[in-house]
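In: Sequence and predicted structure are below.
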Amino acid sequence: MARTQLALGLSFLLVSAAIAEDWPQLLGPSRNATWRGAAIRSDWDARPPKTLWRKKTGLGYSCPVIAKGKIILFHRIDAEEIVECLDRDTGNTLWKFAYPTKFRDGTHLDDGPRSTPAIDSDRVYSYGAEGWLHCLDLNTGKKIWGFDAKTKFKADRRWHGMISSPLIEGNALLLNVGSTNAAGIVAFNKIDGSTLWKSTSDKFTGSSPVCADIEGKRCAVFVTPGFLVGIEPGTGKEQFRTPWGTTAYSAVMASSPVIVSNSIFVSAQYGVGGTLFKIAHGCATKIWNTSELSTHYQTAIYKDGYLYASDGHQAEVSSLRCVDLATGKVQWSNEELGASNQVLANDDLFLLTQRGELILASVSPKGLKIKARTHILSHLVRAYPALSDGFLVGRSQGEMVCLDLR
C-alpha cells in the first residue's frame, strides 16, 4: 500500500511538473523550441481558443518569456527600451524598467530590441540593441546590476544592433559580445555581473548560443562570423572550432544551433545553407551540407530523426520543409504557409506565421496535416510565441495576445 501511494505521489509530481512547464528564455525551457505540458485542444472550429487579453506593444523583435505566472516583454516606446512585467492571466502591468536608447536599425524597419530576455529563479536578464546588459528583480523590477557591455569590451557596432540572447548556465550568463579584443564570448557572474572569463576574438552574429551535453561534457555552442565554436561553459576553453557560415557584413546568421546528441545542425540565409556536423574527440566533422534548408532567423525543430524548419528569407519566398537529419535530404516542402516560427508542443507543431496566423499541425516525414488554424495577430510577426500551462502568448509589431488553448 505504501509503495502504491509513493508511486501515485511520484506520478502526480511528474504530471504536475509537465503541466507547469514554463517558457523562461529564447526557444523555451531547453532552448530547442520544444514544450511539454497540458494537452492542447484542436477543435478550434467548434471551440475557438479563448482570448484572455490583448494589448498594444512598442517596437522590437524580442520574444515574450514566461515564468511563475509572469510575462516579460522587452520593447521600445519612443526613446526608451523597456523591460515590462505583466500578469499572465490578466495582462496587467506589474512593473516597468526603462532606460534611454538612440538605436537606429540599418534597414529602417524596426528600432526596438532584438534579444530575448532570460528568467532565472527570481531574476530577469536583458540585453538591449545598443549593448546594455541588465539584471532585474523578477518580482519588483528593481535593478540589481547593469552596464554597457558593447562599450565595456569595445565591440564593433553593426547595422542590426545586438541580437544574441543571454544564456544562463549554472552560475554564469553566457553572451556573444563580439569584441575582437579577446572578448568575443564572455561569461558573467549572474549574481553580480562580474566577468568570469573571456574567450575568442570573434565578432558577434545574430545567433544565440545553446548549451548541451556533447561527448559527456557540457558544451556551449556559438555561431560566430565564419565559425561554429564549442566552449566549455565553466572555463571558456574552446572544445572545438570549425569553419562555417560567412563573414559578410550584410549576413545576420540569426538561427541557433540544433544539438542532437553529438551532432549539431546549423543554418543561415545569404548563400550559407544548412550543415550537419558530428563532434568526436574534440573535432567537428562535416556530415552533409545543403542549400535546400536555409533558415533566416528561425531555428529548426528536431523530432524523431527529422528537422522541420522554414527555408528562405522571410521577406521573400519561404516554405516549411522536412529534412532527414541523417542524410540532409528533403522529404517534403510546403509553400502555402509562408514564413513562420515553429514550436513543438507535446507531439504537435505550432506555427505562428508572419501574417499572424496560428496553426496547429501534426508532422511526419510523410507530410503535414493541419488540425486547426486561426488568425490571432496583426502583421508583422517575427517573435516566437511562448507557452505556459496551456496558455500561448504571441507578439507582433504593435500588439501582444494571450490565448487559453486548454
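Out: Cool, got the structure. Numbering: from 1, shown residues only.
In: for the chain, what are the low-confidence residue spans?
Out: Scanning the chain for pLDDT under 70 picks out the ranges 1-20, 159, 249-250, 315.
In: so where do the helices sit in it?
Out: Taking DSSP state H as the test, the helices found in the chain are 2-19, 149-152.
In: Need the residues that contact the shortest one.
Out: What it means is helix 149-152. Y127, E130, G131, W132, L133, A155, R157, M162, L175, V177, V186 (Cβ atoms under 8 Å, 6 or more residues apart in numbering). Bear in mind the C-beta positions are built from the backbone N, C-alpha and C, glycine included.
In: which parts of that helix are buried?
Out: Of the residues in helix 149-152, those with enough neighbours to count as buried (16 or more other Cβ atoms under 10 Å) are A149, K150.
In: Extract the C-alpha set from it and format it as PDB.
Out: Presented in PDB, the C-alpha positions along helix 149-152 are these (Å, rounded to 0.1, in the frame of the first residue of the first chain):
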ATOM      1  CA  ALA A 149      28.700  45.600 -22.500                       C
ATOM      2  CA  LYS A 150      29.400  46.800 -26.000                       C
ATOM      3  CA  THR A 151      31.300  49.800 -24.800                       C
ATOM      4  CA  LYS A 152      33.000  48.000 -21.900                       C
END
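In: For PyMOL, what selects the buried ones among the contacts of helix 149-152?
Out: One line in PyMOL is enough to select the buried members of the contacts of helix 149-152, burial here meaning 16+ other Cβ under 10 Å:
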select buried, resi 127+130+131+132+133+155+162+175+177+186
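In: Mind checking which of the contacts of helix 149-152 land in strands?
Out: Residues of those located in strands (DSSP state E): Y127, W132, L133, L175, V186.
In: show me what contacts F188?
Out: Contact analysis of F188 by Cβ under 8 Å, 6+ apart lists L133, A172, L173, L175, S194, T195, L196.
In: Scan these and report the most crowded one.
Out: L175 (27 neighbours; other Cβ atoms under 10 Å).
In: I figured that residue was touching Y127, is that so?
Out: Yes. Taking Cβ atoms under 8 Å as the definition, L175 is a contact partner of Y127 at 6.7 Å.
In: any common contacting residues for these two?
Out: In contact with both L175 and Y127: L133, A149, S164, P166, using Cβ under 8 Å, 6+ apart.
In: Find the nearest non-adjacent residue to the first one, please.
Out: Nearest non-adjacent residue to L133, counting by Cβ to Cβ, 6 or more residues apart in numbering: A149, 4.6 Å away.
In: and the gap between the one you found and Y61?
Out: Distance from A149 to Y61, counting by Cβ to Cβ, to the nearest Å: 19 Å.
In: can I assume T205 is in contact with M253?
Out: Yes. Using Cβ under 8 Å as the test, T205 is close enough to M253 to be in contact (4.3 Å).
In: show me where the stretch 1-150 of the chain has strands.
Out: Applying DSSP state E, counting those that start in this stretch to the stretch 1-150 of the chain gives strands spanning 34-35, 50-56, 65-67, 70-77, 80-87, 93-100, 118-120, 123-127, 132-137, 143-148.
In: will you turn those strands into CSV that also has distance to K371?
Out: What follows is these, written out as CSV (distance: least, Cβ to Cβ, whole Å):
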stretch, distance to K371
strand 34-35, 17
strand 50-56, 18
strand 65-67, 24
strand 70-77, 26
strand 80-87, 29
strand 93-100, 34
strand 118-120, 30
strand 123-127, 34
strand 132-137, 39
strand 143-148, 43
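In: Relative to I287, which of those strands is closest?
Out: With Cβ to Cβ as the criterion, I287 lies closest to strand 34-35 of those, at 22.4 Å.
In: Quick check: neighbours of the closest one in the sheet, parallel or antiparallel?
Out: Paired with strand 34-35 in the same sheet, following DSSP bridges, are strand 340-345 (parallel).
In: Counting neighbours, what do you get for E316?
Out: Residues contacting E316 under the criterion other Cβ under 10 Å number 9.
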